[in-house]
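*Asks:* from the sequence below, what's the structure:
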Amino acid sequence: MKVIIVGGVAGGATAAARLRRINESAEIIVFERGGFVSYANCGLPYYIGGDITEKSALTLQSPASFKARFNVDVRVHSEVTAIDTANKTVAVRETETGREYTESYDKLLLSPGAKPTVPDVPGIDGERIFTLRSVEDTYKIKDFIAETGAKKAVIIGGGFIGLEMAECLTEAGLAVTLLQRSEHVMPNLDFDMASFVHGYMRYKGINLLRNTPVERYEAIENGVRVVTKNGDSIDTDLVLLAIGVTPDTALAAKAGIKLASKGAIAVNDRMETSAPDVYAAGDAVEIVNPITGAPAVIPLAGPANKQGRIAADNMNGGDSRYKGTIGAAVMKLFDMTVAHVGLSEKTAKAAQLDYDYAVTYSPNHATYYPGATNMTLKLIFERGSGKVLGAQIVGFDGVDKRIDTIAEAIRLGLTAIDLTELEFAYAPPFSSAKDPVNMVGYVAENVLTGRVKQYHWDEEAALDREKVQIVDVRTPREFSRGAIPGAVNIPVDNMRERMGELDKAKPVYLNCQVGLRSYIACCILAQHGFDCYNLAGGYRYWESAATESSFKIAPCHPCGIEIGK
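*Replies:* Prediction:
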């Protein structure tokens, strides 16, 4: 059996290695358009920023090492320009020499990945405007900064690459401005959770400009001018385009292979395309979201590697199946960790699901053990069934562990109430007796069972102050530092003796700092005949989302207050 693989990064390299492990006699050829194979795409920003210091660390394999260990013929600087699915051949052009030839195949795997999205904007082809997708791109940017002594950078786009590069260029000593054309960075987050990222970026010195689309780029002496559609302009030494990626499927389309949403290659759960004996894997393929059953394009390294392995099994006569992608992702932003999995509110609405969400603010480990840090966890679940639909976490240490746990809960079809029963290894340096995942499950359980009614940060502004009562149950000291407009202060510890100040004929909308003390107050008042609603996430959540307040690193306390105050 002769197998040709187009693309030698995540999906392609994994497929080649897997195929060799299960079939020693197969002839395997990998064509890679660039000069590197099996490289750490996700690590590229950290080489520019200096965290990764050795070029060799970026490449996991070389053509020579692939040949030595796996007997795979890897041909770099070799672009497949056409596929003849009827005669089962590919046309190849060597990019350095221009030599062209054809190669036959029995099985073909397409793993071309995705390419940076480059909008049609005047001046976009300027020599100081960069994209970051390959090792070559990485060297080009790093060398440019070193040779020109660049001091300022403008990043266009606030997704993974944009934020990672904002950190890395800042750490490299550049003054960074990031332009986001929409209202918030990290499009897979909801605005309320992204607001914490906004505050932290500014706290770390990044000039973040939201709702700021670019109109054009102009070359100026020793720099480039970014002109926005808002009428402003920014002069900078370099621009990095990090708007997103587009499936690189021109080759497949030219061959008549069926494309699907967003121009991605259509595949079944065996990673088979519409053409006989042609498979596809990685960022260029359309997958199924197992939560909604809808098609999606989710360009992540983990799924690409799994798809490459499944394709290899099936090319060798197996019957492996890909069960879809729920989009578990995590990123580092300086000391902050941002993670998400599954559906956001936006995608849950688009899927026409009846959902609600719970918000908690929990320490990563026992607060009495030194070094605890807080994380904000938003859990999205289906009303009625309680099925977990998605989660977003913004914090510092321990975020990755919790998002991975919730990802598996989604995969297993668990409910929010099931999260209360999950068992975690516990010792004070690692967690609390009630893990943050348990805690968000408890909060969701209270909502699902009707033990407490809640309201959300974006519902507060519509409350008619004449018809409702807004009560802040924090301490007078906390209340004096800032409160929701129109709120009265009745500390939770004084609620029993002061509830006479409230009108039972009007609903009571409660809040504290993070939602815990106001929940307790809700329990007290509800049992005395009041109609109570608890603010999900508390005042700190409302303050961040509704007012875009400056970022605060709060001390670790279950109630979000200063220890000892």
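
*Asks:* residue closest to the middle of this protein?
*Replies:* By C-alpha atoms, centre = their mean, the mean C-alpha position of the chain lies nearest to residue 329, the distance being 4.7 Å.

*Asks:* would you mind confirming that that residue makes contact with residue 160?
*Replies:* Yes - with contact defined as C-beta atoms under 8 Å, residue 329 counts as touching residue 160 (7.4 Å). All C-beta atoms are positioned from the backbone trio N, CA, C, and that covers glycine.

*Asks:* can you confirm residue 97 is in a helix?
*Replies:* No - read with DSSP: H, G, I helix; E, B strand; the rest coil, residue 97 is coil and lies in no helix.

*Asks:* run a quick neighbour tally on it.
*Replies:* 9 (other C-beta atoms under 10 Å).

*Asks:* what about it, distance to residue 79?
*Replies:* Using C-beta to C-beta, to the nearest Å, residue 97 is found at 12 Å from residue 79.

*Asks:* try residue 168
*Replies:* From residue 168 across to residue 79, the span is 30 Å (C-beta to C-beta).

*Asks:* between the two, which is the more surrounded one?
*Replies:* Comparing residue 168 with residue 79 by other C-beta under 10 Å, the one with more neighbours is residue 168, at 22 against 17.

*Asks:* that one and residue 493, how far apart?
*Replies:* Distance of residue 168 to residue 493, computed by C-beta to C-beta: 47 Å.

*Asks:* ditto for residue 429
*Replies:* In terms of C-beta to C-beta, residue 429 sits 32 Å off from residue 493.

*Asks:* next: residue 400.
*Replies:* In terms of C-beta to C-beta, residue 400 sits 37 Å off from residue 493.

*Asks:* cool, and residue 143?
*Replies:* Separation of residue 143 from residue 493 (C-beta to C-beta) stands at 62 Å.

*Asks:* more neighbours, those two?
*Replies:* residue 493 (13 against 10).

*Asks:* and the residue nearest to residue 381 when sequence neighbours are not counted, how close does it get to residue 188?
*Replies:* Leaving aside its chain neighbours, residue 381 sits nearest to residue 416 (4.2 Å; criterion: C-beta to C-beta, 6 or more residues apart in numbering). According to C-beta to C-beta, residue 416 and residue 188 sit 20 Å apart.

*Asks:* ok, these two, which is more surrounded?
*Replies:* Using other C-beta under 10 Å as the criterion, residue 416 and residue 188 rank with residue 416 on top: 28 against 22.

*Asks:* so the more buried one makes contact with residue 388?
*Replies:* Yes - Residue 416 lies in contact with residue 388 (C-beta under 8 Å); the separation is 5.7 Å.

*Asks:* now do the helices in the stretch 51-200 of the chain.
*Replies:* Secondary structure of the stretch 51-200 of the chain (DSSP state H, counting those that start in this stretch): helices at 63-70, 135-148, 160-171, 191-203.

*Asks:* buried deepest among those helices, which one?
*Replies:* Greatest average neighbour count among the helices of the stretch 51-200 of the chain goes to helix 160-171 (a mean of 23), per mean count of other C-beta atoms under 10 Å.

*Asks:* which other helices and strands does that helix contact?
*Replies:* Helix 160-171 sits against helix 44-49, strand 152-156, strand 175-179, helix 191-203, strand 238-241, strand 329-333, with contacts defined as 3 or more C-beta pairs under 8 Å, 6 or more residues apart in numbering; DSSP states H and E.

*Asks:* closest one to residue 108 among the ones you listed?
*Replies:* helix 44-49 (28.0 Å; C-beta to C-beta).

*Asks:* buried residues, the helix or strand of the chain with the lowest mean pLDDT. List them.
*Replies:* Lowest by mean pLDDT, DSSP states H and E among the helices and strands of the chain is helix 44-49, with a mean of 81. Of the residues in helix 44-49, 44-49 count as buried by neighbour count, 16 or more other C-beta atoms under 10 Å.

*Asks:* over to stretch 121-136?
*Replies:* Neighbour-count burial for stretch 121-136, counted by 16+ other C-beta under 10 Å, picks out 121, 123, 126, 128-135.

*Asks:* touching, residue 369 and residue 431? I think so.
*Replies:* No - contact criterion C-beta under 8 Å: residue 369 and residue 431 do not qualify, at 10.0 Å.

*Asks:* more crowded one of those two?
*Replies:* For residue 369 and residue 431, the more surrounded residue by other C-beta under 10 Å is residue 431, and the numbers stand at 22 against 14.

*Asks:* need the strands for the stretch 301-450 of the chain, in chain order.
*Replies:* For the stretch 301-450 of the chain, the strands defined by DSSP state E, counting those that start in this stretch cover 329-333, 336-342, 355-363, 374-382, 388-395.

*Asks:* what's the first one packed up against?
*Replies:* Going back to what we said before, that points to strand 329-333. Strand 329-333 packs on helix 160-171, helix 191-203, strand 336-342, helix 399-411, going by 3+ C-beta pairs under 8 Å, 6+ apart.
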